[in-house]
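> Quick one, what's the 3D model for this:
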Amino acid sequence: WWRQQIIYVSQHPHIMKGSLREVLSFGMDVSDAEILDACKEVQLLDVINRKQDGLDAVIGEGGLGLSGGERQRIALARAFLRKGQVLILDEVTAHLD
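Residues are numbered from 1 along each chain as shown. So this is what the prediction gives:
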């Protein structure tokens with residue numbers, strides 16, 4: 001139970017290849033509305049809106065095509081989507097623009 005309640009956000013988040021929706025949901029069963037709410041909280045909506053395909057835009061392995069700050073914001077949005085009780089941040093603002 002505790003493992004599900006503790007969320008760790010690394011300063012070097014792992015970003016797999018896939019659509020923004022897949023990358024953000026990272027295996028969680030969440031709606032597009034929940035994803036967009038989390039993205040709004042971490043100021044990631046502009047990135048999604050700039051992409052022609054929105055949440056369906058494909059991101060390369062390791063976050064290819066994203067800045068370091070955008071990758072960090074994805075990691076933060078994922079953390080918010082998990083809705084844990086404890087959030088551990090490792091230099092989370094290191095790459096934010």
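> contacts, neighbours, all on C-alpha from now
Fine.
> Mind checking which residue lies nearest the centre of this protein?
I74 (2.1 Å; CA atoms, centre = their mean).
> Could you verify that that one is part of a helix?
Yes: counting by DSSP: H, G, I helix; E, B strand; the rest coil, I74 falls inside a helix.
> and stretch 64-83, which residues are buried?
For stretch 64-83, a neighbour-count test (16 or more other CA atoms under 10 Å) marks 68-82 as buried.
> Give me the contacts around that stretch.
5, 7-13, 15, 23-26, 28, 30, 34-35, 38-39, 41-44, 47, 59, 63, 87, 92-93, 95-97 (CA atoms under 8 Å, 6 or more residues apart in numbering).
> if you look at these, which of them are in strands?
Judged by DSSP state E, the contacts of stretch 64-83 include 7-9, 59, 87 as members of strands.
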